[in-house]
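1. this one's sequence-less:
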DNA sequence: GTCTATAGTAGGATAGAC
DNA sequence: GTCTATCCTACTATAGAC
């Protein structure tokens, strides 16, 4: 069945890779070991040489998948704190959440599905992903909010800055989630438009002044970058 | 097994009611007919006298559950369009999404879970729920945005009003979703606080001026109403 | 209207050969 | 390292009695 012989580590990885989209699409209960074996191109027996149980495969997927961060998001920390950076970080975050990573990181859909499954289960994976997202982007986000305030572009509001950060992330996330079924959705206009509107919405929401948004937010130019 | 004999209609309803939280919690694949029968207090055989298949039970649950609207939301249309109404509608919507309906409508958690499952499946149920929410609350929301604009409390922004409505709803929804696992979450502060901050965030987001929010949004007073 | 009993299948996991 | 064959349990669904 297996096309070629792989060493233990390679086969182990291959099984995880093959199983990931299955668990993402059909959930833990809906995925059978038969499915996994077929997707991995091996016999069911071989699965059990590498993993003690189906549960163990799932656990390992959640472990490994929450660690891999989007390569673009990983570089956000390089940006200097400013109003402009605040606008761009938010655009990047929203854009990648909703539109995915294109060629550089095509697997956002899988991650979104694993997130939803996790929220229906124990939420463990979701927590780890939240930690990761925060680690990658919040320092720059927070510093840029502060910079924007000092520049007079920002009006503070009630509540912790971290909560505002999560509101931004949450909106991007749920826009992605409601698009998972490939059905017509309540939103009006093309998805790029909706994302741009959502960015404007959250920029206002965190407290950026309309003039600052107008000055720094150029969604059409950003869209050309196809990031 | 069955405590008492019910007529066809009653038993039918009882099965649906018993099965609903099971499908919500464990998804379609994770719920067994044995579970359903036990929860309904009947034999598995009896399920099949009322429904041709497990799938049929699930379908009927999704059909019936998307029709029942929250009784408070159903009365939103009675409110007159104004800035104040805009603020209150948003608070009511967010509050009920996140904190649930208390005694009047305790089953928000089940609905949230069915929503997440639907987004992982074909999204049909999600669409129907979206329609229902929009039907109940959007007319008042839209009219109040217009009234707020005429009162000078509101600065219009880019994009269709309906999208801003959905951004509001989405944020409330996802705050509820991330709370489904009873785990500590990224947000800072008590959940009532977070909801109040989220309301402020979306009020800004749709374009309400800070002065108008300050004038009309009194979360502590609203919280006392325990609505 | 409801049950017990059971058919038939699919699921997770293992034994043992190569 | 990989497979075929198999075990046993759990699952969906039905038959037939009360």
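-> Structure's in. What do you need? Not measured: the values here are computed from a predicted model.

2. And the helix ranked longest in chain A, what's buried?
-> What stands out as the longest helix in chain A, according to DSSP state H, is helix A:124-150. Going by neighbour count (16 or more other Cβ atoms under 10 Å in any protein chain shown), the buried part of helix A:124-150 is A:125-130, A:132-134, A:136-138, A:140-145, A:147-148. In short, each C-beta sits where N, CA and C put it, glycine included.

3. quick one: low-confidence parts of chain A?
-> A:1, A:106, A:226-227 (pLDDT under 70).

4. Try it again at 90.
-> For chain A, the stretches with pLDDT under 90 are A:1-5, A:66-71, A:101-106, A:185, A:223-227.

5. Flag every residue of it that's near DNA strand D.
-> A:1-2, A:4-8, A:11, A:41-46, A:49 (Cβ under 7 Å from any atom of the strand).

6. Try it again at 6 Å.
-> Applying Cβ under 6 Å from any atom of the strand, one finds that chain A approaches DNA strand D through A:1-2, A:5-8, A:11, A:42-46, A:49.

7. Just the buried ones from those residues?
-> Neighbour-count burial (16+ other Cβ under 10 Å) applied to these gives A:11, A:42, A:46.

8. from those residues, which is closest to residue A:199?
-> residue A:11 (43.4 Å; Cβ to Cβ).

9. what sits against residue A:41?
-> By Cβ atoms under 8 Å, 6 or more residues apart in numbering or on different chains, residue A:41 lies in contact with A:1-3, A:14, A:18.

10. try residue A:213
-> Neighbour list for residue A:213: A:87, A:200, A:203-204 [criterion: Cβ under 8 Å, 6+ apart].

11. ok, now residue A:138?
-> A:162, A:165.

12. distance of it from residue B:17?
-> Per Cβ to Cβ, to the nearest Å, residue A:138 is found 43 Å from residue B:17.

13. how far away is residue A:84 from residue A:211?
-> Distance, residue A:84 to residue A:211, by Cβ to Cβ: 14 Å.

14. do the same with residue A:24
-> 43 Å.

15. Those two - which one has more neighbours?
-> Taking neighbours as other Cβ atoms under 10 Å in any protein chain shown, residue A:24 and residue A:211 compare with residue A:24 leading, 23 against 10.

16. which residue sits closest to the more buried one in space, ignoring its chain neighbours?
-> residue A:113 (3.8 Å; Cβ to Cβ, 6 or more residues apart in numbering or on different chains).

17. How about the host helix or strand of the one you found, which residues are buried there?
-> If you go by DSSP states H and E, residue A:113 is part of helix A:108-120. Across helix A:108-120, burial judged by 16+ other Cβ under 10 Å covers A:108, A:110-120.

18. care to break chain A down by domain?
-> According to automatic domain parsing, chain A comprises the domains A:8-65, A:73-224.

19. what's the most buried one of those?
-> Using mean count of other Cβ atoms under 10 Å in any protein chain shown, the stretch among the domains of chain A with the largest mean neighbour count is domain A:73-224, at a mean of 19.

20. now do the same end-to-end measure for that one.
-> 18 Å (Cα to Cα, to the nearest Å).

21. Which of the buried residues of helix A:108-120 sits closest to DNA strand D?
-> Distance to DNA strand D, by Cβ to the nearest atom of the strand, is smallest for residue A:120 among the buried residues of helix A:108-120, at 17.3 Å.

22. ok, now how distant is that closest one from residue A:173?
-> Distance of residue A:120 to residue A:173, given as Cβ to Cβ: 15 Å.

23. likewise residue A:167?
-> Using Cβ to Cβ, residue A:167 is found at 11 Å from residue A:173.

24. now residue A:82
-> Counting by Cβ to Cβ, the gap from residue A:82 to residue A:173 is 25 Å.

25. now residue A:101
-> Relative to residue A:173, and taking Cβ to Cβ, residue A:101 is found at 15 Å.

26. What lies in contact with stretch A:43-62?
-> Taking Cβ under 8 Å, 6+ apart as the rule, stretch A:43-62 contacts A:1-2, A:8, A:11-12, A:15-16, A:19-20, A:23, A:28, A:31, A:33-34, A:36-37, A:40, A:114, A:118, A:124-125, A:128.

27. check contacts around residue A:29.
-> Each residue near residue A:29 by Cβ under 8 Å, 6+ apart is listed here: B:26-27, B:29-30.

28. wait, I meant residue A:6
-> When contacts are counted by Cβ under 8 Å, 6+ apart, residue A:6 touches residue A:14.

29. Let me know the secondary structure of it.
-> Here residue A:6 takes the coil state, with states given by DSSP: H, G, I helix; E, B strand; the rest coil.

30. how close does it get to chain B?
-> From residue A:6 across to chain B, the span is 30 Å (Cβ to the nearest Cβ, to the nearest Å).
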